[in-house]
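> what follows is a protein structure lacking sequence information:
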């Protein structure tokens, strides 16, 4: 999809726009073949989904999923912090962050060198290689 207005037409098809935005989408939809094709696909998909059966998760499954996503208060904050620092994942993340910062600092240093250092002497030295 290459039409830039498709991001306006899609919420229109889903009924998510206010009246003013819906009017803009309708006007665009009248003249754009790409968005008309998208609207046809949308209608076909909606019709295909209309006959499907909705299955609700059991109460037990919902409770198990909910229990995994709720935050549990920890006992001792210092102990939890010490346990998180002791994990290899913490140090892997810290190391990758430090490495990224070192690379960014080196690039910034090179980019902000005064133009006099990038003069003919440096250019001739590089070309001589």
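Nice, I can see it. The shown structure was predicted, so the numbers you read here are calculated from the model rather than taken from an experiment.
> and what about residue 2, helix, strand or coil?
coil (DSSP: H, G, I helix; E, B strand; the rest coil).
> in this structure it contacts residue 34, no?
Yes: counting by Cβ atoms under 8 Å, residue 34 is a contact partner of residue 2 at 6.8 Å. To be clear about C-beta, it is placed using only N, CA and C from the backbone, and glycine gets the same treatment.
> looking at these two, which is more packed in?
Neighbour tally, residue 2 and residue 34, criterion other Cβ atoms under 10 Å: the higher count belongs to residue 34, 13 against 5.
> quick one: contacts for the spatially closest residue to residue 9 that is not a sequence neighbour?
Leaving aside its chain neighbours, residue 9 sits nearest to residue 35 (4.6 Å; criterion: Cβ to Cβ, 6 or more residues apart in numbering). Contact partners of residue 35, counting by Cβ atoms under 8 Å, 6 or more residues apart in numbering, are 3, 5, 6, 9, 28, 29.
> again, only using 10 Å
1, 3, 5-6, 8-10, 12-13, 25, 28-29, 42 (Cβ atoms under 10 Å, 6 or more residues apart in numbering).
> what is the neighbour count of residue 106?
10.
> can you read off the pLDDT for residue 61?
On the pLDDT scale, residue 61 is placed at 92.
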